[in-house]
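S.K.: sequence first, predicted coordinates after that:
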Amino acid sequence: MSNVVVSDPAQLAQACADIMWSTDRASQNLGIVIDTVGPGTAQMSMTIVDSMVNGHDIAHGGFIFMLADSAFAFACNTHNNYAVAQFCSVSFLRPSKQGDRLTAVAEERNRGTRSGIYDVRVTNQEGKTVAEFRGHSRVIPGTFFPVPEKSG
């Protein structure tokens, strides 16, 4: 990754996502995939499989939350700072069934030095909103790549 241009936000976002993805066994084991990533944004998707369906024959909310949380995590880690969830909430708006393909789109709403706010919309294959998620991030020590020293 030595040829990552830290000053190019799109390249930096993708490189940070590549590093995170390489060890994100939780998302990978659920069949979540990264569709796109950019500065402060991420789109991820997954298919609801039999093991994700609850006693009401609908997708368990925890799996929908995890998809949204994963998109949030990738979006808030696109700026070369390690960031984790500080607080998250979700509103479930319509049920999903086995076989549904869900897509979570995370968008940065506000980012400061130490914290950020991200909204995530989860939709089904018909484009209908399944859930709305809001995540508050907190920057912790560490970067994916060395930070260039400032001259002057």
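M.R.: Received, thanks.
S.K.: partners of the helix or strand Ile117 falls within in the sheet?
M.R.: In the assignment (DSSP states H and E), Ile117 maps to strand 115-123. Strand 115-123 sits in its sheet next to strand 101-111 (antiparallel), strand 129-139 (antiparallel), going by DSSP bridges.
S.K.: and the first one, which residues are buried?
M.R.: Right, the one you point to is strand 101-111. Neighbour counts over strand 101-111 (16 or more other Cβ atoms under 10 Å) mark 102-108, 111 as buried. The C-beta positions use only the backbone N, C-alpha and C, and glycine is treated the same way.
S.K.: thinking again about what came up before, show me the one of the strands paired with strand 115-123 that comes nearest Gly55.
M.R.: strand 129-139 (18.7 Å; Cβ to Cβ).
S.K.: now that closest one, how far from the centre of its chain.
M.R.: 9 Å (Cα atoms, centre = their mean, to the nearest Å).
S.K.: now that strand - C-alpha only, CSV.
M.R.: C-alpha atoms of strand 129-139 as CSV (Å, rounded to 0.1, in the frame of the first residue of the first chain):
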residue,chain,number,x,y,z
THR,A,129,-36.8,1.3,2.7
VAL,A,130,-36.5,-1.5,5.2
ALA,A,131,-34.6,0.5,8.0
GLU,A,132,-33.1,3.8,8.9
PHE,A,133,-29.9,3.8,11.0
ARG,A,134,-28.0,6.6,12.6
GLY,A,135,-24.5,6.1,13.9
HIS,A,136,-22.2,8.3,15.9
SER,A,137,-18.5,7.6,15.5
ARG,A,138,-15.6,8.3,17.7
VAL,A,139,-12.0,8.6,16.5
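S.K.: quick one: residues contacting the most centrally placed residue in the chain.
M.R.: In the chain, the residue lying closest to the centroid (Cα atoms, centre = their mean) is Ala71, at 1.4 Å. Counting by Cβ atoms under 8 Å, 6 or more residues apart in numbering, Ala71 touches 42-44, 104-106, 120.
S.K.: could I get those residues as JSON lines with pLDDT and distance to Ser89?
M.R.: Listed next are the contacts of Ala71 as JSON lines, based on pLDDT from 0 to 100; distance: Cβ to Cβ, whole Å:
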{"residue": "Ala42", "pLDDT": "98", "distance to Ser89": "18"}
{"residue": "Gln43", "pLDDT": "98", "distance to Ser89": "20"}
{"residue": "Met44", "pLDDT": "98", "distance to Ser89": "19"}
{"residue": "Ala104", "pLDDT": "98", "distance to Ser89": "15"}
{"residue": "Val105", "pLDDT": "99", "distance to Ser89": "17"}
{"residue": "Ala106", "pLDDT": "98", "distance to Ser89": "14"}
{"residue": "Val120", "pLDDT": "98", "distance to Ser89": "11"}
